[in-house]
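Engineer: based on what follows, work out the 3D shape:
(2 chains)
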Amino acid sequence: MILNTLAIVLLIYAVTVELWLLVSALVSGYSLRRDRFISKYHRIEELLSSDVVPPVSIIVPAYNEESGIAQSIRSMQMLKYPKIEIIVVNDGSTDSTLDRLIADFELVEEVVPYRTDIETEPIRAVYRSRLPISLIIVDKVNGGKADALNAGTNVAQYPYVLLTDADVIMDQYCVLRAMRHIVEDRVRIVAVGGNIRPVNGCEVAFGRVIEPRVPDTKFEQVQLLEYLRSFVASRPASSLVNALPLISGALGIFQREVLTAVGGMTTGHLGEDLDLTMRIHRHMRDIDRPYRIAYAPDCVAWTEVPTTTEILRTQRIRWHRGLTRAVRDFLPMTFRPKYGTLGMLGWPSQVLIEFLAPIVEFAGWFVLPIAFLLGVLNVPVALPMLGIAFCVGVINSVLALYLDEEYGYFNSPTEATRLIGLAFLENLGWRQRTVWWRIRSMLPARRRHHWGEMKRVGVGNLASRK
Amino acid sequence: MNPAVLLTVLIVTATLSVILSVGLFSIKILHRNHIRAIGVRRAHYIGALGEIVAHNSVPVNEIAGWQDDPVFFDALVDFLDIVAGDERSTLDQLVGKLDLRSKLANTLEGSRLPDKRLRALSNLVEIADASLRDLFTVHLADSVPEVRFQAARGLARIGDPESVAAILDLMESEDSWVAARLGDVLVEFGKPAVPSLARYMLLSDHDARRDPNMLRLVVRSAGLIGDFGAEQALIAMLDSPEPLIRAGAASALSEAGTPASVPALINALDDSEWIVRARAADALGTLSDDRAVEPLGKALQDEAWWVRQDAAKALASHLGGKRRLIEAMSEGDPFARDAALSQLGIGASGSAARGGRSTETAPARTHPSSQTSDSALESDVMA
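Structural biologist: Prediction:
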């Protein structure tokens, strides 16, 4: 009897989670539609000749990026934005990253006064390019990605900093579209997150995504579906009610003053982006200043997703460890009215869904079969509930694809069919595997992870596999 | 829990997931065909417009029906952006022959859909002429903010200076986003807008009911137009109680100022707000006046980082200032020395730099941004 009750409770949880995600997707749909109307008629290009938009410092951490860093910088130079400076922080690379930069961009060492608002590993030298581009290279002692971003923030001249990765490819108008939100409400908006999509399979040339495509392999396609569910069908809803708990580390724009006030990024944290966003929320609520953390779905940046099981496993374990630490750090904010919609909705959904779901699902793998084998499971109730959870999950995935249609990516019906098929099939094996990895991440770590060592195939190679 | 109810819910959700999947597939097919059709039509119009421009004549028989196709407008607007002189006149003839202005004006008046009206008005702005003045003026009072904004753009395209006052009134009632962009529209008017802007600034100075943000935008627009007609009003703005307005005025004087502004800007170097001091230093650098060298030299030891940097940059742009910077290199204050070194372009390997970098040798000073809770202040100034 107890086993049956437990099984039913687990199933009720599964259905509730899927229904919550369904509501989130519907609200996201409303938010995207509204946003689409605004961005359609705002003629974003007009902002290029306006000084309404504040200048932005783009900070790119680089650790052993000798093969791709020059291309990344050239790609960033092509961004359409009135005034940017690019700050590359060489975080004690052991390869020839710095030499490559010095040669390619005619760097000269300069005395550049910088702030020491955020404590970092020592800066060895600051270089400036002789070319007519606003490029600064900060060479510092190795301290990890977060430390590199903090050093870049100290050197940044401008009031807004864009934190990104060296391998991220930004759409040309990406920064302008994100900054539109800041122009709309410069006093309250303290941070804006971008929409991240997998670059795998896309046609890339001249540092830009020329032709967005669905990745070739099922392995990468499922990850695309996950990204869409998160970035298209969930974050717009959270942002609408100012309850966005996470700005992706791949692209986030922050008011430098606020970033400095919270002490920058936490070094050694595996989920430093989640940690930073949450600390900004907490800080703003604590000082009782009206604020908003916005999400710009039309600010699209492309990043490579893992292509092998081993890399994906490492990535997911890292993410979940970061989440586990964040849950521990920010648990007191859960269901606290003081933290507004974040405390009541955004953060609890991270804890109860992102963190708890794998544990509940893992328990379900054992409880349901055992209850069934012992003959105590109320099959006429349990089976339909399992089916409902499955179907609502599929509806959520298909809705994410619908919402993505607004942006006109993946127009081919064949590609859409592949993704629709995966919405059904991902529940058979893929989902269980990621649950297992997340469970494993909660077990004690066997080794330390530095710099999120994701082995990358490289954008050019990904495209050429087609 | 009733199994029958659960079963019904299951059947509903399963059916829904299948319907949505099939629907999505169908939409993808429709969308693809739609995009292809638009691409074909657009290519046709661009080719045809290219022919018209190249031959400098409008083939009346061939253009029939174009005015009913929104894709044509997009192609036409793209062309209008890149042509000038005779080519532009040819396209204007085409616009006249197709009677596009009346057609779009009818759509604007006849439709209730914001999307459709906005599209019509945006296209009208691109082909605006004096005959549309009344239409644009009426739509300054439209219920949709974007329509009001486009109407203001249309008036700016016509260049009617009498509309400036109406746009200033409109700015006061708009939200910050639309108001900021209307500020850009004022810049499009250019010199004819300056008397109205100057009057607005001078009157606002005595009117406590005026919104400071609004005044800030007007100050910014006056600076961007860069006409000396606004100089006296901008100098008066340096005494505003609002730091943002004072900083904006100092910035604007770098474009709209003459040597007559220099004493007021030198006074602003002693302002209580670092932002105003920094902007004044920057403006003095642009005006490059001998009288500013000593006050800027003093500003090299300002407590705020931005002020030191802007003072050093300003000095570097002036011959006498460069001498002052060289003197600063031998001064005891490491911040002044760093700012001087940086502006004179002496690298870390240079002998003068061996005295050590300020950030390493001197105690860390608080960044000026922490002196104010208004982050908009800094972002505005940096913009």
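Engineer: alpha carbons only for contacts and neighbour counts from here, please
Structural biologist: Noted.
Engineer: B:F73 contacts B:N123, correct?
Structural biologist: Yes. The criterion here is CA atoms under 8 Å, and B:F73 meets it with B:N123 at 6.9 Å.
Engineer: show me which residues of the stretch 201-350 of chain A sit near chain B.
Structural biologist: A:255, A:257 (CA under 8 Å from any CA of the partner chain).
Engineer: so which strand or helix has the residue in the stretch 201-350 of chain A positioned nearest to chain B?
Structural biologist: Residue of the stretch 201-350 of chain A nearest chain B, by CA to the nearest CA: A:E257 (6.6 Å). Per DSSP states H and E: A:E257 is located in helix A:256-261.
Engineer: could you give the mean pLDDT of that helix?
Structural biologist: Averaging pLDDT along helix A:256-261 yields 93.
Engineer: name the surrounding residues that touch the helix or strand following it.
Structural biologist: Per DSSP H and E, helix A:256-261 leads on to helix A:272-286 as the next helix or strand towards the C-terminus. Around helix A:272-286, the neighbours that count as contacts under CA atoms under 8 Å, 6 or more residues apart in numbering or on different chains are A:146, A:245-249, A:258-259, A:262, A:264-266, A:269, A:290-291, A:322-323, A:326, A:330, A:338-339, A:342.
Engineer: same deal with stretch B:63-83?
Structural biologist: B:38, B:41-42, B:45-46, B:49, B:88, B:91, B:98, B:100, B:103, B:123, B:126.
Engineer: for B:Y45, which residues are in contact?
Structural biologist: Neighbouring residues of B:Y45 by CA under 8 Å, 6+ apart: B:72, B:75-76.
Engineer: how far away is it from B:G85?
Structural biologist: Distance of B:Y45 to B:G85, computed by CA to CA, to the nearest Å: 21 Å.
Engineer: cool, A:I137 as well?
Structural biologist: From A:I137 to B:G85 the distance is 46 Å (CA to CA).
Engineer: between the two, who's got more neighbours?
Structural biologist: For A:I137 versus B:G85, the count of surrounding residues by other CA atoms under 10 Å in any protein chain shown is larger for A:I137: 27 against 7.
Engineer: so the more buried one sits in a strand?
Structural biologist: Yes. Membership of A:I137 in a strand is supported by DSSP: H, G, I helix; E, B strand; the rest coil.
Engineer: show me what it bridges to in the sheet.
Structural biologist: Here A:I137 sits in beta bridges with A:V88, A:Y127, going by DSSP bridges.
Engineer: looks like the residue of the stretch 201-350 of chain A closest to chain B contacts A:P159 (just checking).
Structural biologist: Yes. Here A:E257 reaches A:P159: they are 7.1 Å apart, a contact under CA under 8 Å.
Engineer: what about the residue lying closest to A:I189 once chain neighbours are set aside, distance to A:V398?
Structural biologist: Closest residue in space to A:I189, ignoring its immediate chain neighbours: A:R292 at 4.6 Å, by CA to CA, 6 or more residues apart in numbering or on different chains. Taking CA to CA as the measure, A:R292 falls 30 Å from A:V398.
Engineer: looking at these two, which is more packed in?
Structural biologist: Set A:R292 next to A:V398 and count neighbours by other CA under 10 Å: A:V398 wins out with 30 against 23.
Engineer: which helices and strands does the helix or strand hosting the more buried one pack with?
Structural biologist: Counting by DSSP H and E, the element that carries A:V398 is helix A:379-405. Helix A:379-405 is packed against helix A:2-41, helix A:218-231, helix A:413-425, helix B:3-55, with contacts defined by 3 or more CA pairs under 8 Å, 6 or more residues apart in numbering or on different chains; DSSP states H and E.
Engineer: change it to 6 Å
Structural biologist: For helix A:379-405, the elements it packs on are helix A:2-41, helix A:413-425, helix B:3-55, judged by 3 or more CA pairs under 6 Å, 6 or more residues apart in numbering or on different chains; DSSP states H and E.
Engineer: can you name the residue of the stretch 151-300 of chain B nearest to chain A?
Structural biologist: Closest point on the stretch 151-300 of chain B to chain A, by CA to the nearest CA, is B:W177, at 4.3 Å.
Engineer: tell me, what residue is most central in chain B?
Structural biologist: Chain B has B:D184 as the residue nearest its centroid, 5.0 Å off, counting by CA atoms, centre = their mean.
Engineer: can I assume that residue sits in a strand?
Structural biologist: No. B:D184 is assigned helix when assessed by three-state DSSP, not a strand.
Engineer: please check the contacts of helix A:272-286 and keep the buried ones.
Structural biologist: Among the contacts of helix A:272-286, those classed as buried by 16 or more other CA atoms under 10 Å in any protein chain shown are A:146, A:245-249, A:258-259, A:262, A:264-266, A:269, A:291, A:322-323, A:326, A:330, A:339, A:342.
Engineer: quick one, helices of the stretch 151-300 of chain B?
Structural biologist: Ranges of helices within the stretch 151-300 of chain B are B:163-173, B:176-189, B:194-204, B:212-225, B:231-237, B:243-256, B:262-268, B:274-287, B:293-299, based on DSSP state H, counting those that start in this stretch.
Engineer: export these as JSON lines, with columns for mean pLDDT and distance to B:G321.
Structural biologist: Shown next, in JSON lines, are the helices of the stretch 151-300 of chain B (pLDDT from 0 to 100; distance: least, CA to CA, whole Å):
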{"stretch": "helix B:163-173", "mean pLDDT": "90", "distance to B:G321": "40"}
{"stretch": "helix B:176-189", "mean pLDDT": "85", "distance to B:G321": "33"}
{"stretch": "helix B:194-204", "mean pLDDT": "89", "distance to B:G321": "32"}
{"stretch": "helix B:212-225", "mean pLDDT": "88", "distance to B:G321": "25"}
{"stretch": "helix B:231-237", "mean pLDDT": "94", "distance to B:G321": "24"}
{"stretch": "helix B:243-256", "mean pLDDT": "91", "distance to B:G321": "17"}
{"stretch": "helix B:262-268", "mean pLDDT": "95", "distance to B:G321": "15"}
{"stretch": "helix B:274-287", "mean pLDDT": "92", "distance to B:G321": "9"}
{"stretch": "helix B:293-299", "mean pLDDT": "91", "distance to B:G321": "6"}
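Engineer: dump these into TSV; add distance to B:N2 as well.
Structural biologist: Conversion of the helices of the stretch 151-300 of chain B to TSV gives the following (distance: least, CA to CA, whole Å):
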stretch	distance to B:N2
helix B:163-173	57
helix B:176-189	53
helix B:194-204	71
helix B:212-225	61
helix B:231-237	74
helix B:243-256	66
helix B:262-268	78
helix B:274-287	69
helix B:293-299	80
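Engineer: name the SS class of A:L131, please.
Structural biologist: A:L131 - assigned by three-state DSSP - is coil.
Engineer: what about it, neighbour count?
Structural biologist: A:L131, neighbours per other CA under 10 Å, totals 11.
Engineer: let me see the backbone angles for it.
Structural biologist: Main-chain torsions, A:L131, degrees, to the nearest 10: phi -70, psi 160.
Engineer: which residues does it contact?
Structural biologist: By CA atoms under 6 Å, 6 or more residues apart in numbering or on different chains, A:L131 lies in contact with nothing.
Engineer: relative to chain B, how far out is it?
Structural biologist: Distance, A:L131 to chain B, using CA to the nearest CA, to the nearest Å: 14 Å.
Engineer: look up phi and psi at the residue nearest to A:I189.
Structural biologist: Here is the backbone geometry of A:R292 (degrees, to the nearest 10): phi -150, psi 140.
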